[in-house]
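The following comprises the amino acid sequence and a computationally predicted model.
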Amino acid sequence: MSKVRDIVPSAYDETAQGPLAVPQRAAARLQIGERSSAVAEVEVTPAGLLAIGGMVGAILLGVAVVVRAAKR
């Protein structure tokens with residue numbers, strides 16, 4: 001028994017300006033065996049991806065400083 005979900009088109013705002021305002025959409029489904037499955041969907045603008053990348057980079061740099069300080 002499979003439950004198939006269609007990917008709905010993103011709600012593109014015609015008044016949005018520039019390529020960084022156009023939302024991108026992704027969906028993934030993971031199934032392990034017959035009983036376990038996970039579904040994930042995300043919609044984000046390229047500007048949002050840049051912000052997420054900056055936050056991840058800052059976190060990784062902060063962790064590196066903490067690890068180095070812990071070794072002393």
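Nice, thanks for sending it over. Numbers count the residues shown, from 1 in each chain.

Bridge partners for the residue positioned nearest the centre of the chain, pull those for me.
Centroid-nearest residue in the chain, with C-alpha atoms, centre = their mean: residue 42, separated by 5.8 Å. Under the criterion DSSP bridges, residue 42 forms beta bridges with residue 26.

wouldn't it be in contact with residue 23 here?
No: the pair residue 42 / residue 23 is not scored as a contact, 9.9 Å apart, by C-beta atoms under 8 Å. All C-beta spots, glycine's among them, are computed from the backbone N, C-alpha and C.

Just the strands from the chain, written as ranges.
Along the chain, counting by DSSP state E, strands occupy 24-32, 36-44.

Need these in JSON lines (columns: mean pLDDT and distance to residue 60).
Shown next, in JSON lines, are these (pLDDT from 0 to 100; distance: least, C-beta to C-beta, whole Å):
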{"stretch": "strand 24-32", "mean pLDDT": "92", "distance to residue 60": "23"}
{"stretch": "strand 36-44", "mean pLDDT": "93", "distance to residue 60": "20"}
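
can you list the ones you listed in JSON lines and add distance to residue 69?
Below are the strands of the chain laid out as JSON lines (distance: least, C-beta to C-beta, whole Å):
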{"stretch": "strand 24-32", "distance to residue 69": "37"}
{"stretch": "strand 36-44", "distance to residue 69": "34"}
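
What residue, apart from its backbone neighbours, is nearest residue 50 spatially?
Ranked by C-beta to C-beta, 6 or more residues apart in numbering and with sequence neighbours excluded, the top spatial neighbour of residue 50 is residue 20, at 7.9 Å.
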